[in-house]
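Asker: curious how this folds, go ahead:
(one chain, ligands or ions: 1)
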Amino acid sequence: MSATLTPAQAAARMVDSLGVEALAKAQAYTTGNHWMLLWGVVVSVVVAFVMVRLRLLDRIAARFANPARFWATYAVSAAFLLISAVLALPWTIYSDWHRERAYGLSSQPLGDFLGQQAIGEAISVVLVGLFLVGVYALIRKAGRRWWLWSGGLAGVMTLLGLLAGPPLIEPLFNDYQPVPPGEVRTALERIADDVGIPHDRIFMYDGSRQSDRFTANVSGIGPSARIAIADVALKEASLAEVRAVTGHEAGHYKLGHVWRYAVIFPLLAMVFFFLLDRLFAPTARLLGSDARLDEPRGLPVFAVVGSVLGLLVTPLTNTLTRIGETEADLYSLRTVNEPDALASALVKTAEYRYPRPSPLEEVLFYTHPSVEKRALMAMEWKAAHPAPAGPAAPAQP
Ligand SMILES: [Zn+2]
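Answerer: Predicted structure coming up:
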């Protein structure tokens, strides 16, 4: 085999090594995901339409003498969240459970999936329910600039979520354990020292419970920040791959990406509330709802505007996350310097993220740059930073 492949040839060869069949399957899965975004909006419109036509929330709201009181707003908001989840359940089971299993990406039993959905829904009824009470209080009391204040409230909720996520919410879904002593742990501790993460904040978790995806992540802020690697990745990766992947996650942490999103999300929420203020009345007419903006029984209208705007903003948020992913890859290359292992680890994620999308597909739908592009960057890094050739190599300037 020739040792003088160009970086582009090396990256292409890595992707080709997956085989025609696996690539075709990954492409079918990924393209299907893009269509599912659109179908998801259709489902939420249908759910909202059913709720409006059957006057489900109107009947609950009518039971309260003063609809502006805390409990009245909370009860209608909670009912909205629960009824939407129940009406959309067949779609959720198909898209998040059946389809993942059909593509061999999950082996979770239906009972466990539904149990976890119920936990997620209970958390949402508490947290999103309280958030909606806050938004309606602002709509009623803050005057024309309610959208500005509501964006600020979204910012507060984001920070609380980031703080509470790792210690309180994530353990409800997965079991987080320290990485056992050994060469993997030693390597991870070295990377953690480098970015200032305490050793007791490096975890492995049973990601295989939900999914067979090769993955790792960093979450939380301040004292709750932590790095976690799924058991799937630990089992399937070499030591060099674990180092390369952890270097990537450490990059997200060190470069403060979570803060970037903590600023951007409330700004997007502000734009959303501003547009909701303008779009509520015409959307309500289209759905046949007589609710006003300040009435929680109008939440189905709220949801339709939210899901359509959410779809439209996806290319923007995807572009932001793609930039962060490239930065994290570069961080891994610079600090851990395992270009081959980074590329080979990335190729393992290609089964759920087709590695060769068209440029338009990548811009619109990809939260991460394509695997082939990322492998290419690793190979270009390698070409530009050749490993020292033994003891005779000159010292680095
Ligand atoms: Zn990443």
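
Asker: what does the average pLDDT come to for stretch 150-165?
Answerer: Computed over stretch 150-165, the mean pLDDT rounds to 92.

Asker: go on, stretch 122-132?
Answerer: Rounded mean pLDDT across stretch 122-132 is 95.

Asker: low pLDDT regions in the stretch 251-397 of the chain?
Answerer: Residue ranges of the stretch 251-397 of the chain with pLDDT under 70: 388-397.

Asker: helices of that one, residue ranges please.
Answerer: 257-287, 299-335, 339-347, 359-365, 371-384 (DSSP state H, counting those that start in this stretch).

Asker: how about those in TSV, adding distance to Trp149?
Answerer: For the C-beta atoms, the positions are set from N, CA and C on the backbone; glycine is no exception. Putting the helices of the stretch 251-397 of the chain into TSV (distance: least, Cβ to Cβ, whole Å) gives the following:
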stretch	distance to Trp149
helix 257-287	9
helix 299-335	16
helix 339-347	42
helix 359-365	32
helix 371-384	40
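
Asker: and among those helices, the most buried is which?
Answerer: Per residue and on average, the most neighbours among these fall to helix 339-347, with a mean of 24 (mean count of other Cβ atoms under 10 Å).

Asker: re earlier: of the helices of the stretch 251-397 of the chain, which is nearest the ion?
Answerer: Nearest to the ion among those is helix 299-335; the distance by Cβ to the ion comes to 4.7 Å.

Asker: follow-up on the earlier one: for Asp96, which of the helices of the stretch 251-397 of the chain is the nearest?
Answerer: helix 299-335 (16.2 Å; Cβ to Cβ).

Asker: test my guess that Gly251 contacts Val336.
Answerer: No - counting by Cβ atoms under 8 Å, Gly251 sits too far from Val336 to count as a contact (9.3 Å).

Asker: mind checking which of the helices of the stretch 251-397 of the chain is nearest Pro166?
Answerer: Per Cβ to Cβ, nearest to Pro166 of the helices of the stretch 251-397 of the chain: helix 257-287, 11.2 Å.

Asker: re earlier: export the helices of the stretch 251-397 of the chain as a markdown table, with columns for distance to the ion.
Answerer: Below are those laid out as a markdown table (distance: least, Cβ to the ion, whole Å):
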| stretch | distance to the ion |
| --- | --- |
| helix 257-287 | 8 |
| helix 299-335 | 5 |
| helix 339-347 | 10 |
| helix 359-365 | 16 |
| helix 371-384 | 10 |
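
Asker: figure out which of those is closest to Ala88.
Answerer: helix 299-335 (10.4 Å).

Asker: quick check: closest non-adjacent residue to the spatially most central residue of the chain.
Answerer: Residue closest to the mean C-alpha point of the chain, counted by Cα atoms, centre = their mean, is Thr367 at 8.6 Å. In space, and not counting its chain neighbours, Thr367 is closest to Thr321: 4.8 Å by Cβ to Cβ, 6 or more residues apart in numbering.

Asker: which of the helices of the stretch 251-397 of the chain sits closest to Leu110?
Answerer: Using Cβ to Cβ, the nearest of those to Leu110 is helix 299-335, at 25.6 Å.

Asker: for the closest one, what is the distance to the chain centroid?
Answerer: 8 Å (Cα atoms, centre = their mean, to the nearest Å).

Asker: 11 is where my numbering starts, stick with that
Answerer: Understood, numbering begins at 11; the last thing we discussed is helix 309-345.

Asker: show me what that helix is packed against.
Answerer: helix 30-63, helix 80-97, helix 249-264, helix 267-297, helix 349-357, helix 369-375, helix 381-394 (3 or more Cβ pairs under 8 Å, 6 or more residues apart in numbering; DSSP states H and E).

Asker: and the ones you listed: which comes nearest Ser105?
Answerer: Once those are compared by Cβ to Cβ, helix 30-63 is nearest, at 5.6 Å.

Asker: helices or strands up against the helix or strand that that closest one is followed by?
Answerer: Counting by DSSP states H and E, the element after helix 30-63 in chain order, helix or strand, is helix 66-71. Packing contacts for helix 66-71, counted by 3+ Cβ pairs under 8 Å, 6+ apart, involve helix 80-97.

Asker: which residues of the stretch 111-260 of the chain score low on pLDDT?
Answerer: If you take pLDDT under 70 as the line, the stretch 111-260 of the chain has no such spans.

Asker: nearest to the ion: which residue in the stretch 111-260 of the chain?
Answerer: For the stretch 111-260 of the chain, Cβ to the ion, closest residue to the ion: His258, 5.6 Å.

Asker: which SS class is Leu15?
Answerer: coil (DSSP: H, G, I helix; E, B strand; the rest coil).

Asker: surely Asp46 touches Ser105?
Answerer: Quick fix: residue 46 reads Met, not Asp. Yes - between Met46 and Ser105 a contact is recorded at 5.6 Å, counting by Cβ under 8 Å.

Asker: tell me the contacts of Arg270?
Answerer: Arg270 makes contact with Leu330, Gly334, according to Cβ atoms under 8 Å, 6 or more residues apart in numbering.

Asker: before we move on, the earlier item: so how far is the ion from the residue nearest to the centre of the chain?
Answerer: Using Cβ to the ion, to the nearest Å, Thr377 is found at 9 Å from the ion.
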